[in-house]
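> Sequence below, structure please.
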Amino acid sequence: MKSREGKYPPPDELAMLIRHWKAVWPNAQITRDAMQKLYPYILAKWREGWNLSQIAGTACSCNDGANIAPSPAALKFVPKRRLSLSPTGAVPGQTFGSDEIRDAGSVSRLKLQAEIAELKAKSIGTEIEILYRRMSGATESVRAKLEEQRQRLVSQLDQQKKQAEAATARLAELESTGRLSAVGRKPKAKKEPVQKAEPATPKPARQKRPAKAANPAPAVPAAAPSSPPADSMAAVEDQIAKLYEDD
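This next block holds a predicted model:
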């Protein structure tokens with residue numbers, strides 16, 4: 001395949017190939033040295049246009065020299081989902097062994113779930129054993145209380161065992177099919193719809209106050225009557241004097 005000339009397969013795809021062979025032959029020593037010997041074949045097929053899933057299933061055997069039969073690697077399903085990752089910092093063209101590949105997130109989460117459940121079950125089992133020892137020398141009333149505790153612990157122990165079994169079963173399903181069914185998956189909590197607040201009652205429009213009348217001009221005080229001129233006063237006095245002339 002001309003577009004792949006001079007190129008190398010992605011490291012994560014090589015990790016998938018190693019994981020597939022390791023699942024078929026758990027006791028096989030797929031070391032870095034072993035991969036260096038197989039890599040020229042893998043690289044040649046990949047550059048011809050094969051993907052690593054196809055290369056993983058091409059091995060055939062002819063042990064008796066006459067009958068050719070597909071090897072277990074060719075018969076085992078190769079999941080398309082990536083279950084393994086290459087070592088941190090790996091680059092195309094680099095080889096590595098099965099002890100160096102890492103689990104993909106979906107695989108590591110299921111393994112962790114199973115391990116935690118098993119550890120919790122072991123811890124609860126120890127508590128139950130302690131209760132048995134205490135019950136052997138306890139009075140009847142104390143023994144009754146301890147029995148209640150024991151029953152609760154037994155229920156918790158059964159629950160942890162079931163969780164470990166469920167995680168292990170889901171891991172086996174993932175590795176064999178590349179998919180995870182909804183069985184055993186914790187249901188997602190449904191979010192309650194947020195109720196929209198009712199619109200607030202609009203406030204009545206504020207009425208405009210009537211415009212204030214313009215301030216009236218201050219009243220001008222009436223002018224005081226002017227004093228009569230001096231000439232008129234003299235005339236009045238003359239008239240009064242004339243009234244008494246006849247006397």
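
> Buried residues, stretch 27-35. List them.
Buried residues in stretch 27-35, counted by 16 or more other Cβ atoms under 10 Å: I30, A34, M35. From N, CA and C alone the C-beta is placed, and that goes for glycine too.

> All the helices of this protein, residue numbers only.
Assigned by DSSP state H, the chain shows helices spanning 11-24, 32-47, 52-56, 72-75, 105-136, 140-177, 230-243.

> Just name the most buried of the ones you listed.
helix 11-24 (a mean of 22; mean count of other Cβ atoms under 10 Å).

> could you check the angle helix 140-177 makes with that helix?
Put simply, helix 11-24 runs at 110 degrees to helix 140-177, going by axes from the mean of the first three to the mean of the last three Cα atoms, to 10 degrees.

> and which of the buried residues of stretch 27-35 is nearest R134?
Set against R134, the nearest of the buried residues of stretch 27-35 by Cβ to Cβ is I30 (51.5 Å).

> Now the closest one. Its backbone dihedrals?
With angles defined as degrees, to the nearest 10, I30 sits at phi -90, psi 80.

> which residue packs closest to it, ignoring adjacent ones?
S98 (4.3 Å; Cβ to Cβ, 6 or more residues apart in numbering).

> ok, that neighbour to L112 distance?
Here S98 is placed at a distance of 20 Å from L112 (Cβ to Cβ, to the nearest Å).

> One more: S3?
Separation of S3 from L112 (Cβ to Cβ) stands at 40 Å.

> rewinding a little: between the buried residues of stretch 27-35, which is closest to I116?
In terms of Cβ to Cβ, no member of those lies closer to I116 than I30, at 29.2 Å.

> Outline the domain layout of the chain.
Following automatic domain parsing, one finds the domains of the chain at 2-103, 105-177.

> among those, which gets the worst mean confidence?
Of all these, mean pLDDT reaches its minimum on domain 2-103 (a mean of 81).

> Quick one: end-to-end length of that domain, please.
One end of domain 2-103 sits 32 Å from the other (Cα to Cα, to the nearest Å).

> what's the burial count for the nearest residue to S176 once chain neighbours are set aside?
In this structure, S176 finds its nearest non-sequential neighbour in F77, 6.8 Å apart by Cβ to Cβ, 6+ apart. Residues near F77, counting by other Cβ atoms under 10 Å, number 12.

> wait, F77 sits on A56?
No: counting by Cβ atoms under 8 Å, F77 sits too far from A56 to count as a contact (10.2 Å).

> ok, the residue nearest to A34 when sequence neighbours are not counted to S3 distance?
Closest residue in space to A34, ignoring its immediate chain neighbours: G97 at 7.2 Å, by Cβ to Cβ, 6+ apart. As judged by Cβ to Cβ, G97 and S3 stand 29 Å apart.

> of these two, who's got more company?
G97 (17 against 7).

> quick one: contacts for K7?
R47, P92 (Cβ atoms under 8 Å, 6 or more residues apart in numbering).

> Quick check: phi and psi at it.
The phi/psi pair for K7 (degrees, to the nearest 10) reads phi -110, psi 170.

> In space, what's closest to Q160 - neighbours in sequence excluded?
Closest to Q160 by Cβ to Cβ, 6+ apart is A121, at 4.0 Å.

> Would you agree that neighbour is in contact with V154?
No: look at A121 against V154 with Cβ under 8 Å: they stay out of range, at 11.2 Å.

> Just the C-alphas of stretch 30-45, formatted as PDB.
Extracted in PDB, the C-alpha atoms of stretch 30-45 (Å, rounded to 0.1, in the frame of the first residue of the first chain):
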ATOM      1  CA  ILE A  30       5.400 -12.300  24.300                       C
ATOM      2  CA  THR A  31       8.400 -10.300  25.300                       C
ATOM      3  CA  ARG A  32      10.100  -7.300  23.700                       C
ATOM      4  CA  ASP A  33      12.600  -9.700  22.100                       C
ATOM      5  CA  ALA A  34       9.900 -11.900  20.700                       C
ATOM      6  CA  MET A  35       8.100  -9.000  19.200                       C
ATOM      7  CA  GLN A  36      11.300  -7.700  17.600                       C
ATOM      8  CA  LYS A  37      11.400 -11.100  15.700                       C
ATOM      9  CA  LEU A  38       7.700 -10.900  14.700                       C
ATOM     10  CA  TYR A  39       7.700  -7.200  13.800                       C
ATOM     11  CA  PRO A  40       9.100  -7.500  10.300                       C
ATOM     12  CA  TYR A  41       6.200  -9.700   9.400                       C
ATOM     13  CA  ILE A  42       3.700  -7.500  11.100                       C
ATOM     14  CA  LEU A  43       5.100  -4.400   9.400                       C
ATOM     15  CA  ALA A  44       5.200  -5.900   6.000                       C
ATOM     16  CA  LYS A  45       1.500  -7.000   6.200                       C
END
